[in-house]
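Undergrad: structure for this input, please:
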Amino acid sequence: MPLLPRLQLFEFLDQPWLPGPLRRGEIDYLRVLLDRIRPYDATAPQLAELLRVVGTDRIVDLCSGAGGPWRTLLPALRELHGTAEVTLTDLHPTSEEDLPPGVRYRDTPVDATRVPEELVGVRTIFEGLHHFPPEKARALLGDAAARGVPVVAFELTSRSLPYILVQLLFIPLLVWGITPFIRPVRWWSLALTYLVPIIPLLILWDGVVSSLRTYAPSDLERLTAGLGGDGYRWRSGVYRVRGVNITYLIGQPDRSS
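TA: Presented below is the predicted three-dimensional model:
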């Protein structure tokens with residue numbers, strides 16, 4: 001299916017000036033949505049195999065937001081790799097208390113393009129790569145390749161017109177339907193969702209923009225060309241799970257070289 005041109009528009013969630021209640025409202029929605037549909041649990045076999053091949057138990061998650069998919073993904077991963085552990089990082093840390101055993105949140109900012117040396121392990125990034133323009137995305141991936149550490153990126157969004165039309169139709173309905181399940185209940189969240197629907201409109205904008213910023217496999221091939229040289233290999237593609245398409249990018253040292 002033909003893709004729309006990639007547009008590097010802005011997302012509200014990226015802006016440091018976004019008021020705290022609106023940021024919290026969007027993060028809470030994304031957290032509950034991921035916890036309920038659990039699309040990334042299906043990536044556990046890939047991650048377990050990568051941990052086995054590399055010989056580590058540690059994962060460093062980049063651009064983690066409020067914890068990404070790890071509340072359900074780590075238990076699924078531990079069924080295959082029982083000693084796996086995850087360190088969550090973000091440029092704007094949003095520490096969470098309801099994380100499963102084996103997950104910790106680093107409370108100091110981490111620039112995903114220059115990960116501190118003490119953070120060792122397989123790097124993952126869920127729904128985060130599209131936030132970076134090409135030069136920054138290449139820097140993020142190049143930092144992993146230069147250090148010889150594996151990096152894995154996953155995206156649910158797509159630049160196809162049908163996908164964006166579905167977002168326009170269903171995101172407001174999803175926000176209204178999911179909000180009652182968010183805990184703790186916050187009066188201002190209810191008011192900004194149902195009385196003055198600022199949060200649904202903000203999430204709709206960011207959702208559509210995320211799709212328009214998403215890197216397709218062909219974009220990822222150009223983005224990673226030459227990174228890491230002959231001693232590092234990249235592969236990308238799309239697979240379908242639970243009714244959605246997940247674009248993936250995996251970079252890892254070439255053990256045969």
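Undergrad: use CA for all of it now, contacts and neighbours both
TA: Will do.
Undergrad: is T83 in a helix, a strand, or coil?
TA: State at T83, reduced to three classes by DSSP: H, G, I helix; E, B strand; the rest coil: coil.
Undergrad: just checking, it touches D57?
TA: Yes. A contact is recorded between T83 and D57 when judged using C-alpha atoms under 8 Å, the distance being 6.0 Å.
Undergrad: the two: which is more packed in?
TA: Using other C-alpha atoms under 10 Å as the criterion, T83 and D57 rank with D57 on top: 17 against 12.
Undergrad: that one and A153: what is the separation?
TA: When distance is defined by C-alpha to C-alpha, to the nearest Å, D57 is 18 Å away from A153.
Undergrad: now do P101
TA: Distance from P101 to A153, counting by C-alpha to C-alpha: 23 Å.
Undergrad: same question for G102.
TA: From G102 across to A153, the span is 21 Å (C-alpha to C-alpha).
Undergrad: tell me the pLDDT at the closest residue to R240 other than its chain neighbours?
TA: Residue nearest to R240 in three dimensions, not counting chain neighbours: I246, with 6.1 Å by C-alpha to C-alpha, 6 or more residues apart in numbering. Model confidence at I246, expressed as pLDDT, equals 87.
Undergrad: correct me if wrong: I246 contacts F154.
TA: Yes. Here I246 lies in contact with F154, judged by C-alpha under 8 Å, at a distance of 6.5 Å.
Undergrad: how about the contacts made by R159?
TA: Residues counted as contacts of R159 (C-alpha atoms under 8 Å, 6 or more residues apart in numbering) are L3, L4, P5, R6, S211, L212, R213, T214, A216.
Undergrad: rerun at 7 Å
TA: Each residue near R159 by C-alpha atoms under 7 Å, 6 or more residues apart in numbering is listed here: L3, L4, S211, L212, T214.
Undergrad: surely R213 and L129 touch.
TA: No. Applying C-alpha atoms under 7 Å, one finds R213 not in contact with L129, separated by 9.1 Å.
Undergrad: pull up the overlap in contacts between those two.
TA: Here R213 and L129 share no contacting residue, scored by C-alpha under 7 Å, 6+ apart.
Undergrad: one step back: out of the contacts of R159, who's the most crowded?
TA: Using other C-alpha under 10 Å as the neighbour definition, the contacts of R159 reach their maximum at T214, which records 27 neighbours.
Undergrad: and the helices in the stretch 151-257 of the chain?
TA: Applying DSSP state H, counting those that start in this stretch to the stretch 151-257 of the chain gives helices spanning 161-178, 187-190, 198-213, 217-224.
Undergrad: T247 is in contact with E155, correct?
TA: Yes. The pair E155 and T247 qualifies as a contact (C-alpha under 7 Å) at a distance of 5.1 Å.
Undergrad: got any ranges where the stretch 151-257 of the chain has weak pLDDT?
TA: Screening the stretch 151-257 of the chain residue by residue with the criterion pLDDT under 70, one finds the ranges 242, 255-257.
Undergrad: mind listing what G237 touches?
TA: When contacts are counted by C-alpha under 7 Å, 6+ apart, G237 is found next to P217, T247, Y248, L249.
Undergrad: show me where the protein has its strands.
TA: Along the chain, the stretches classed as strands by DSSP state E are 58-62, 85-88, 103-105, 122-126, 151-155, 232-241, 244-253.
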